[in-house]
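Undergrad: Got a sequence here, can you model it:
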Amino acid sequence: MSESSAGDISAEQVAHLANLARIDLSPEELESLTKELGQIVESVAKVQEVAGPDVPATSHPLPLTNVFRADEVRPSLTVEQALSGAPAREGDRFKVATILDEE
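TA: Predicted coordinates for the structure are as follows:
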């Protein structure tokens with residue numbers, strides 16, 4: 001297994017992590033994952049260089065806002081219309097088979 005300079009992640013470290021996770025990696029998978037993990041470490045290092053104390057932490061690149069409409073009563077189905085196609089009903093409710101032994 002060869003050592004990779006990408007992100008200072010070695011094939012031995014990846015093999016050790018794979019062993020801990022009980023993942024059997026082929027030599028090709030080990031080499032590929034070593035390179036990929038090295039690139040991830042390098043990318044995180046670049047972000048850490050830019051993200052100083054004056055840069056606020058964000059979870060999304062654009063500000064997000066929820067769009068709510070007013071909670072207003074609007075015309076809808078009557079109880080009879082809603083239950084008209086139900087195979088069974090109990091009063092003003094759908095009747096369904098019991099699936100839990102709870103009341």
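Undergrad: Now the longest helix along the chain: average pLDDT?
TA: Ranked by residue count and defined by DSSP state H, the top helix of the chain is helix 27-50. Mean pLDDT, computed over helix 27-50, is 92.
Undergrad: Also stretch 84-102?
TA: Across stretch 84-102, pLDDT averages out at 89.
Undergrad: how far is stretch 81-98 from where the chain is centred?
TA: Distance, stretch centre to chain centre, for stretch 81-98: 36 Å (Cα atoms, centre = their mean, to the nearest Å).
Undergrad: Would you mark the buried spots in it?
TA: Buried residues in stretch 81-98, counted by 16 or more other Cβ atoms under 10 Å: residue 83. In this view, the C-beta of every residue, glycine as well, is placed from N, C-alpha and C.
Undergrad: And stretch 14-26, by the same measure?
TA: If you call a residue buried by 16+ other Cβ under 10 Å, then stretch 14-26 has these buried ones: 14-15, 25.
Undergrad: And these, which is closest to residue 46?
TA: Nearest to residue 46 among the buried residues of stretch 14-26: residue 14, at 21.0 Å, using Cβ to Cβ.
Undergrad: residues contacting that closest one?
TA: 25, 30, 33-34, 37 (Cβ atoms under 8 Å, 6 or more residues apart in numbering).
Undergrad: Confirm that it sits in a helix.
TA: Yes. Checked against DSSP: H, G, I helix; E, B strand; the rest coil, residue 14 lies within a helix.
Undergrad: Now it: closest residue in space that isn't a chain neighbour?
TA: Take residue 14 and drop its neighbours on the chain: the residue closest to it by Cβ to Cβ, 6 or more residues apart in numbering is residue 34, 4.8 Å away.
Undergrad: Help me confirm that the one you found comes into contact with residue 10.
TA: Yes. Look at residue 34 against residue 10 with Cβ atoms under 8 Å: they come within range, at 7.1 Å.
Undergrad: If you count surrounding residues, which of those two has more?
TA: Neighbour count, other Cβ atoms under 10 Å: between residue 34 and residue 10, residue 34 has more, with 24 against 17.
Undergrad: What separation do you get for the closest residue to residue 95 other than its chain neighbours and residue 39?
TA: Sequence neighbours aside, residue 88 is the residue nearest to residue 95 in space, at 4.0 Å (criterion: Cβ to Cβ, 6+ apart). From residue 88 over to residue 39 the distance is 59 Å, taken as Cβ to Cβ, to the nearest Å.
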